[in-house]
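Undergrad: Have a look; sequence and predicted model below, questions after that.
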Amino acid sequence: MRLWVCIVLLSTALCASADRPRIVQGLIRAGEFVRDAAGGSWDMYRAYRDMREANYKGADKYFHARGNYDAARRGPGGAWAARVIRWPFLLPHSDARENWQGSVSGRGAEDTRLDQEANEWGRRGGDPNRYRPKGLPSKY
């Protein structure tokens, strides 16, 4: 009986390490992409939440870069999430958003351009601390 149990376990281990069919490999890659995208979305949300909590003047570029950097480091799914998610989350990235920033929030097109530059810097793997303002608490 023990011999048969050992043979079954060895066979299972050998089959598990064998090449998987392409469809299974594709499903695994898709699952990893979704997992990375969810994690990247969480990274972006965490940076946004920290930005709101810190409420520190001039720190928004740092949080943009940090959220994109953390998300992109997760892999292809995280990089995709970093490209898709916009700041602030509820507004689309369009002329309407820029008009809103210019008229309601007091921020203009130049600020939007600098935000996007910080986003790209983080996505490309640049150190977010480049945008870190002096005096921002070390918690962030």
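TA: Everything's here; your move.
Undergrad: what separates the residue nearest the centre of the chain from Arg113, distance-wise?
TA: Residue closest to the mean C-alpha point of the chain, counted by Cα atoms, centre = their mean, is Ala71 at 2.1 Å. Separation of Ala71 from Arg113 (Cβ to Cβ, to the nearest Å): 21 Å. Glycine gets a C-beta too; all of them are placed from N, C-alpha and C.
Undergrad: got it, and Val84?
TA: For Val84, the distance to Arg113 equals 19 Å [Cβ to Cβ].
Undergrad: go on, Tyr140?
TA: 24 Å.
Undergrad: neighbour-wise, which of those two wins?
TA: A count of neighbours by other Cβ atoms under 10 Å puts Tyr140 above the other of Tyr140 and Arg113, at 15 against 11.
Undergrad: Please verify my assumption that that one contacts Ala47.
TA: No: the criterion here is Cβ atoms under 8 Å, and Tyr140 misses it with Ala47 at 9.0 Å.
Undergrad: Need the overlap of contacts for the two.
TA: Overlap of the contact sets of Tyr140 and Ala47 (by Cβ atoms under 8 Å, 6 or more residues apart in numbering) consists of Phe63.
Undergrad: where does this protein dip in pLDDT?
TA: 1-18, 87-107 (pLDDT under 70).
Undergrad: who does the longest helix seen in it touch, helix- and strand-wise?
TA: In the chain, assigned by DSSP state H, the helix with the most residues is helix 22-54. If you count contacts as 3 or more Cβ pairs under 8 Å, 6 or more residues apart in numbering; DSSP states H and E, helix 22-54 packs onto helix 60-72, helix 76-84.
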